[in-house]
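S.K.: take this sequence and fold it.
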Amino acid sequence: MQQTHFFIFDCHYLVRFPHSLLLWRKSFSFFAKFLYMAKFTKTFKDFQLIPITKIKAQGKQFLLMNPSTLKYESISSINNLIRGLNLLGLATLVVGGNDTYQQSFLDFKAKITGDQLRIMQSWNSSIHFCQWVLNLAGNSFNNEIPQEVGRLRRLEVLELSNNSINGEIHSNLSSCSKLRVLHIRSKPANWRNTGFACLTGSIPPSLGNLSSLETLALGKNGLNGVILIPESLGQLTNLSFFSIAANAISGIVPVSIFNLSKITSFDIGENKIQGTLPFDLGITMPYIEFFSVRQNQISGQFPLSISNASNLVLLQVPLNQLNENLPSFEKLHKLSRFLIGSNHFGNGGPSDFNFLCSLTNTTKLEYLELSENNFGGELPKCIGNLTMLAQLALESNNLQGNIPSSIGKCKSLVGLDLSYNNLGRSIPTEIIGLSSLSIEVALSSNYLTGVLPVEVGNLKSLGGLLSLSTEIIS
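M.R.: This is a model prediction of the structure:
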């Protein structure tokens, strides 16, 4: 394998590894204590920090070694730019002004060829060079995260997403006390069907010492075992983004994590997590926008306080064991996706859909997925007030009565599934004539009667499923 060397100076650097290895520049330090040279090849196995003895200073410039060998295709994974200089073993370093640094970077840019994605587009005189971004995303780095990363005490962003990182998360990452973003998402969308390498083991409790951390994203890895999510993560009071989705984590979520008041995105979906949701969830997470606990083993009642989470955009809790009736959602004006299928909501009675009319205050709701629950009674007419609905799924419940014609007011509806219920009478022409329906119209396995409406001819754009079953024909 041909090696490509890229040299990085650790000092006031923000370093982002694949999908970024980012070196950002905040301020210069011309007389500091350490200067390291990092040697990167296509594998993290070859990563090392060595005392700077081989860097050359010539006149008022510093030189990268072998920059002429760099090609876009061979360095496509380091994101952002050199951020300052540190010294070890050199008593002095003659440095010029900003013009010297800018010209050095432009000389470096000139030696990179094949920049088809214009990754250095920002490297021009229109903005200060401290804001230039070196975006070289898209490598296939593999092997373990080097323990030497723990030496980067000024590291602010460590992003290793969409690579083949394996091994465990080293506890010495807690030494990176300025770390704001830790993003290690190692797998592609179809990772469960591939031999993709991934992180293993548990989440180190020491990550709770990263007091500056704002983003903790460990989704789609192999974190597993009968482990509790570390209680220490509840110390991350600056955390706004938390994702451990698509692992094999079991145990419960510590209450202290639900008390992180700055959280805006919370995703623990596709694990084996148990327990209940805290009753004051909507109060302790007042800024929550994205909340997902899909596909776990969470049980109990849905928190009544959720209506206080007025910034909520996505609420996703399908494939759990949640039960009882749902609370009011009248304050969730920004809600766009409400997905609660495959639980045990509802008692099969007429009060099951009281919550539905409270959603009419939500003028942005597009996806309403209530399938495979215990909802009974009649579907209320207020469903027609959800005029922005694109998909409505209520299959496999215990709906009674007729299909409300008010659904015909949902002019943006592309998919409708009311199959496997106890609905009767005829199909309202207002619904079957909706020209927007293009993905699915599923009304089978009910007790519908009458003649197929001629308006079915309006479904000219329906490219998916039309399922009415034979019982409709009289």
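S.K.: going forward, measure contacts and count neighbours with C-alpha atoms only.
M.R.: Fine.
S.K.: what ranges does the stretch 251-400 of the chain have for its helices?
M.R.: For the stretch 251-400 of the chain, the helices defined by DSSP state H, counting those that start in this stretch cover 255-258, 281-284, 354-358.
S.K.: ok, which of those comes nearest Glu395?
M.R.: Ranking the helices of the stretch 251-400 of the chain by proximity to Glu395 (CA to CA) places helix 354-358 first, at 15.8 Å.
S.K.: buried stuff in that closest one?
M.R.: For helix 354-358, a neighbour-count test (16 or more other CA atoms under 10 Å) marks Leu356, Cys357, Ser358 as buried.
S.K.: alpha carbons only: can I get that helix in CSV?
M.R.: Output in CSV follows, covering the C-alpha atoms of helix 354-358 (Å, rounded to 0.1, in the frame of the first residue of the first chain):
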residue,chain,number,x,y,z
ASN,A,354,-58.9,12.0,23.0
PHE,A,355,-55.3,12.9,22.4
LEU,A,356,-55.8,13.0,18.6
CYS,A,357,-57.9,16.2,18.7
SER,A,358,-55.2,17.9,20.8
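S.K.: what's next to that helix, contact-wise?
M.R.: Leu326, Pro327, Ser328, Phe329, Glu330, Pro380, Cys382, Ile383 (CA atoms under 8 Å, 6 or more residues apart in numbering).
S.K.: out of these, which end up buried?
M.R.: Buried among the contacts of helix 354-358 (16+ other CA under 10 Å): Leu326, Pro327, Ser328, Phe329, Glu330, Pro380, Ile383.
S.K.: and the residues you listed as JSON lines, adding pLDDT and distance to Ser256?
M.R.: Converted to JSON lines, those look like this (pLDDT from 0 to 100; distance: CA to CA, whole Å):
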{"residue": "Leu326", "pLDDT": "96", "distance to Ser256": "25"}
{"residue": "Pro327", "pLDDT": "94", "distance to Ser256": "24"}
{"residue": "Ser328", "pLDDT": "93", "distance to Ser256": "26"}
{"residue": "Phe329", "pLDDT": "94", "distance to Ser256": "25"}
{"residue": "Glu330", "pLDDT": "92", "distance to Ser256": "27"}
{"residue": "Pro380", "pLDDT": "95", "distance to Ser256": "39"}
{"residue": "Ile383", "pLDDT": "96", "distance to Ser256": "37"}
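S.K.: of these, closest to Phe302?
M.R.: For the buried ones among the contacts of helix 354-358, the nearest to Phe302 is Leu326 (6.4 Å; CA to CA).
S.K.: count the neighbours of the spatially closest residue to Asn385 that is not a sequence neighbour for me.
M.R.: Excluding the flanking residues, the one nearest Asn385 by CA to CA, 6 or more residues apart in numbering is Thr360, at 5.8 Å. Residue neighbour count, defined by other CA atoms under 10 Å, stands at 20 for Thr360.
S.K.: contacting residues for Thr360?
M.R.: Glu330, Cys382, Ile383, Asn385, Leu386.
S.K.: measure the third one to Ile403 for me?
M.R.: Between Ile383 and Ile403 the computed distance is 11 Å (CA to CA, to the nearest Å).
S.K.: ok, the last one next?
M.R.: Taking CA to CA as the measure, Leu386 and Ile403 are separated by 15 Å.
S.K.: who's more crowded, those two?
M.R.: Set side by side, Leu386 and Ile403 show more neighbours around Leu386, with 25 against 22, by other CA under 10 Å.
S.K.: that one against Leu365, yeah?
M.R.: Yes. Under the criterion of CA atoms under 8 Å, Leu386 makes contact with Leu365 at 6.9 Å.
S.K.: including distance to Thr200, could the buried ones among the contacts of helix 354-358 go into a markdown table?
M.R.: Shown next, in a markdown table, are the buried ones among the contacts of helix 354-358 (distance: CA to CA, whole Å):
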| residue | distance to Thr200 |
| --- | --- |
| Leu326 | 37 |
| Pro327 | 39 |
| Ser328 | 40 |
| Phe329 | 39 |
| Glu330 | 42 |
| Pro380 | 48 |
| Ile383 | 46 |
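S.K.: let me know how buried the closest residue to Leu335 other than its chain neighbours is, in neighbour terms.
M.R.: The shortest distance from Leu335 to any non-neighbouring residue, by CA to CA, 6+ apart, is to Val313 (4.1 Å). Burial of Val313 is recorded as 20 neighbouring residues (other CA under 10 Å).
S.K.: with Ser412 instead?
M.R.: 18.
S.K.: again, but for Leu399
M.R.: 26.
S.K.: report the beta-bridge partners for it.
M.R.: Gly377 (DSSP bridges).
S.K.: distance of it relative to Tyr420?
M.R.: Distance of Leu399 to Tyr420, given as CA to CA: 9 Å.
S.K.: got any ranges where the stretch 1-150 of the chain has weak pLDDT?
M.R.: 1-101, 104-105, 108, 111-120, 129-143 (pLDDT under 70).
S.K.: residue contacts, the residue nearest to Ser307 when sequence neighbours are not counted?
M.R.: Excluding its sequence neighbours, the residue lying closest to Ser307 (CA to CA, 6+ apart) is Phe329, at 4.9 Å. Shown in contact with Phe329 (CA under 8 Å, 6+ apart): Ile306, Ser307, Phe355, Ser358, Leu359.
S.K.: Pro230 contacts Ser202, correct?
M.R.: No. Between Pro230 and Ser202 no contact is recorded; they are 9.1 Å apart, counting by CA under 8 Å.
S.K.: just to check, Met285 is in contact with Lys262?
M.R.: Yes. Applying CA under 8 Å as the test, Met285 and Lys262 come out as touching, 6.9 Å apart.
S.K.: may I see the buried residues of stretch 148-162?
M.R.: Residues of stretch 148-162 classed as buried: 149-150, 152-162 (neighbour count, 16+ other CA under 10 Å).
S.K.: from those residues, which single one is nearest Val181?
M.R.: Once CA to CA is applied, the member of these that ends up nearest Val181 is Val157, at 4.6 Å.
S.K.: was I right about that closest one contacting Val181?
M.R.: Yes. Between Val157 and Val181 there is a contact under CA under 8 Å: 4.6 Å.
S.K.: measure stretch 317-324 end to end?
M.R.: 14 Å.
S.K.: likewise for stretch 379-398?
M.R.: End-to-end for stretch 379-398, by CA to CA: 10 Å.
S.K.: try stretch 243-257
M.R.: Using CA to CA, the two ends of stretch 243-257 sit 12 Å apart.
S.K.: would you mark the buried spots in it?
M.R.: For stretch 243-257, by 16+ other CA under 10 Å, it's 243-254, 256-257.
S.K.: contacting residues around that stretch?
M.R.: 216-231, 233-235, 265-275, 278.
S.K.: again, only using 6 Å
M.R.: Contact with stretch 243-257 is made by 217-224, 226-229, 231, 234, 266-275, as judged by CA atoms under 6 Å, 6 or more residues apart in numbering.
S.K.: out of these, which are buried?
M.R.: 217-224, 227, 229, 234, 266-274.
S.K.: which other residues reach stretch 267-287?
M.R.: 243-252, 259, 261, 264, 292-300, 303, 305-306, 308-309, 311.
S.K.: does Asn325 touch Gly346 like I think?
M.R.: Yes. Assessed by CA atoms under 6 Å, Asn325 is found in contact with Gly346 at 4.9 Å.
S.K.: I'm done for today, thanks for sticking with me.
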